[in-house]
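**Student:** Got a predicted model here, sequence first, then my questions.
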Amino acid sequence: MNRELKNRTAKTLKWNTIDRFSSQLLYAVVGVVLANLLSKEDFGLVGALLVFQAFGILFVDSGFGSSLLRSKEVSERDYSTVFWFNLAVSVTVYAALFFCAPLIAEIFQNDRRLIPLSRVMFLTFILNGLGLVQTTRLMKRMDVKQIAVANMVGLTVSGILGVWLAFSGYGAWALVWQSVALSAIKSGWLWLTGKWRPGLCFSTDTVRRIWRVGFSVFSSSALNTFFLYIYSFVIGAFYNLTSLGVYTQADKWSKMGSASISQVFTASFVPVLAKVQDNGDEFHDYMGKIHRFAAFVVFPVMIGVAVAGAPLFHTLFGHKWDSAIPLFQILTIRGIFFVLTSLYNNYILALGYARRLFIIELVKDGLVVAAVLCTVWYHSVPLLVWGQLGASALTWVAAMAIVSRATGYRTTLMLRDLAPYAAAALLAGGAAFATLFLPLHPALLLLCVTTAGGGLYAGISFIFHFPELTELKKRISRSA
């Protein structure tokens, strides 16, 4: 890989990391305040809407963003066509769900409060649709600074609005208006700072060409979204909205780490992999480096956060959300398999084997259905979540086998790459777990857990000369 591409990759990684972790910090601060101000039922109401919001956003993009991202050459006509297509779809989706709002309320315990909440919440489809091409174009150019700034400004302003509404007693409306404001500010910022504007053109040839790859990505994402939110749907529709609120909190906080890591890797490395897709040796070498770097990061982070679950929740929320702690810990461990599977999907996407993504998704969805059918009858949310973990682990095994056949990256080599980091993280996690028995204030206990686990992992990395530690230092230095 040439020096220019390495430097661009380092800068992209820097800004993506700044984006994700600053965004997650802002998201966490606002989330902590709202979790202490609002009720479990408030979060349950919005959690029910998130099921439909996820599908709406998916239809708005239709896989076109991913298709543009992996294409070697994209014309201005292509960007304009995708923009107008996405905008038309977003308006159509919003109109459909606007009139379906009473049906949504009937699904979730016939709670009529969901009707006005959904009709405002779903405005995010149109607002997000306005910024999709702007975001994709910047990612394609590996110029993600303004995306990071847009996220930070949006989260700050919308967070202040949400907290103010929560303090004023608006309940679930605080979460709804926070979401709408965030979408509006992010898209608005990209339009104000970006130099691109859509042209008055539309090419059906572009739609057909992009759709060939986009459809496979869309199909895979549609199944992924459906089965990702099936737990929220089952809990909200068959249990109650309070239980859904507890699950929503556990799921949200558990995903902060895994989603951030996965998004940083996707935004930083997929454009690079696409550029070297025709060079088999270089692609294979770079894929191995990414795999080891991912293991170096994801194992200690996810295991450490799971171990620290109780003192973390007690520090942030007192005992209000104690029922969410075991769910949070299980879902955090599931995040390991989520990140690795997402990484494997990116390998396949970069090579243009989009149909194999669909196969992985089918395997995962079949396992999820089996897990839900085996556990739903017991009316136990923890049991449902254990099933989710098992399904994710088996999906990872299947994805690893499919990627191995598609890329020639042998399964035994993949496991050998992961093993040292998994072992080191488990040892560090054991040391962190031992500190949980200290009779300390939750905040001090959290500090002890983090210090013990993080210190031991860093020490093991240094003693055994993990190359990723040196590489990380170089990337930080190069991007400065």
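**Tutor:** Received it, and whenever you're ready, just let me know what you need.
**Student:** Quick check: residue 242 vs residue 228, distance?
**Tutor:** 21 Å (Cβ to Cβ, to the nearest Å). The way it works is simple: take the backbone N, C-alpha and C, and place the C-beta from them, glycine included.
**Student:** The two: who's more crowded?
**Tutor:** Neighbours per residue (other Cβ atoms under 10 Å) separate residue 242 from residue 228, with residue 228 holding more: 19 against 16.
**Student:** burial count for the closest residue to that one other than its chain neighbours?
**Tutor:** Leaving out its chain neighbours, the residue that sits closest to residue 228 by Cβ to Cβ, 6 or more residues apart in numbering is residue 54, at 7.4 Å. Residues near residue 54, counting by other Cβ under 10 Å, number 16.
**Student:** Please name the nearest non-neighbouring residue to residue 454.
**Tutor:** Using Cβ to Cβ, 6+ apart and skipping residues adjacent in sequence, the residue nearest residue 454 is residue 304, 6.8 Å away.
**Student:** following the strand or helix carrying that neighbour, which helix or strand shows up next?
**Tutor:** Using DSSP states H and E, residue 304 sits within helix 280-307. Remark: after helix 280-307, the chain's next helix or strand is helix 309-317, criterion DSSP H and E.
**Student:** got the buried residues for that following helix?
**Tutor:** 309-317 (16 or more other Cβ atoms under 10 Å).
**Student:** And for stretch 414-430?
**Tutor:** 414, 417-418, 420-422, 424-425, 427-429.
**Student:** Also stretch 380-395?
**Tutor:** Buried, per 16+ other Cβ under 10 Å, within stretch 380-395: 381, 384-392, 394-395.
**Student:** who's in contact with the residue nearest to residue 228?
**Tutor:** 225, 228-229 (Cβ atoms under 8 Å, 6 or more residues apart in numbering).
**Student:** what does residue 29 give?
**Tutor:** So residue 29 contacts residue 159 (Cβ under 8 Å, 6+ apart).
**Student:** State the distance from it to residue 416.
**Tutor:** Going from residue 29 to residue 416 by Cβ to Cβ gives 40 Å.
**Student:** which SSE is the residue most central in space within the chain in?
**Tutor:** Residue closest to the mean C-alpha point of the chain, counted by Cα atoms, centre = their mean, is residue 259 at 3.2 Å. Element membership for residue 259 (DSSP H and E) is helix 241-275.
**Student:** tell me the mean pLDDT over that helix?
**Tutor:** Helix 241-275 carries an average pLDDT of 80.
**Student:** for it, packing partners?
**Tutor:** Secondary-structure packing of helix 241-275 (3 or more Cβ pairs under 8 Å, 6 or more residues apart in numbering; DSSP states H and E): helix 3-37, helix 40-61, helix 64-70, helix 124-140, helix 230-234, helix 280-307, helix 325-350, helix 381-407.
**Student:** how many degrees apart are it and helix 381-407 in direction?
**Tutor:** Angle of helix 241-275 versus helix 381-407, following axes from the mean of the first three to the mean of the last three Cα atoms, to 10 degrees, is 10 degrees.
**Student:** residue contacts, the nearest residue to residue 425 once chain neighbours are set aside?
**Tutor:** Excluding the flanking residues, the one nearest residue 425 by Cβ to Cβ, 6+ apart is residue 299, at 3.7 Å. Shown in contact with residue 299 (Cβ under 8 Å, 6+ apart): 336, 418, 421-422, 424-426.
**Student:** what does residue 131 give?
**Tutor:** Residue 131 neighbours (Cβ under 8 Å, 6+ apart): 150, 183, 186-187, 190-191.
**Student:** go with 6 Å
**Tutor:** 186-187, 190 (Cβ atoms under 6 Å, 6 or more residues apart in numbering).
**Student:** out of those residues, which are buried?
**Tutor:** Buried among those (16+ other Cβ under 10 Å): 186-187, 190.
**Student:** Next, format the residues you listed as TSV and append pLDDT, secondary structure and distance to residue 120.
**Tutor:** Shown next, in TSV, are the buried ones among the contacts of residue 131 (pLDDT from 0 to 100; DSSP: H, G, I helix; E, B strand; the rest coil; distance: Cβ to Cβ, whole Å):
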residue	pLDDT	secondary structure	distance to residue 120
186	88	helix	17
187	89	helix	17
190	85	helix	22
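**Student:** so how far is residue 339 from the closest residue to residue 20 other than its chain neighbours?
**Tutor:** Computed as Cβ to Cβ, 6+ apart, the closest residue to residue 20 that is not its neighbour in sequence is residue 260, at 4.1 Å. The gap separating residue 260 from residue 339 is 10 Å, by Cβ to Cβ.
**Student:** So for these two, which residue has more residues nearby?
**Tutor:** residue 339 (26 against 20).
**Student:** what about that one, distance to residue 346?
**Tutor:** 11 Å.
**Student:** And for residue 320?
**Tutor:** For residue 320, the distance to residue 346 equals 38 Å [Cβ to Cβ].
**Student:** Which one's more surrounded, those two?
**Tutor:** residue 346 (23 against 15).
**Student:** Distance check, that one against residue 229.
**Tutor:** For residue 346, the distance to residue 229 equals 22 Å [Cβ to Cβ].
**Student:** I figured residue 120 was touching residue 175, is that so?
**Tutor:** No: under the criterion of Cβ atoms under 6 Å, residue 120 is not in contact with residue 175, lying 10.8 Å apart.
**Student:** gap between stretch 303-317 and the chain center?
**Tutor:** Distance of stretch 303-317 from the chain centroid (Cα atoms, centre = their mean, to the nearest Å) equals 20 Å.
**Student:** change the start of the numbering to 6 and stick with it
**Tutor:** Shifting the count to begin at 6 puts that one at stretch 308-322.
**Student:** Give me the contact list for it.
**Tutor:** With contact meaning Cβ under 6 Å, 6+ apart, stretch 308-322 is reached by 37, 40, 262, 326, 330, 333-334, 337-338, 430, 434, 437-438, 447-448, 450-451, 454, 458.
**Student:** what about this protein, any weak spots by pLDDT?
**Tutor:** 6-21, 63-79, 145-149, 215-226, 228-229, 272-285, 359, 476-485 (pLDDT under 70).
**Student:** Not counting residues beside it along the chain, what's closest to residue 189?
**Tutor:** residue 132 (5.0 Å).
**Student:** need the contact list for that neighbour.
**Tutor:** Under the criterion of Cβ under 6 Å, 6+ apart, the neighbours of residue 132 are 188-189, 192.
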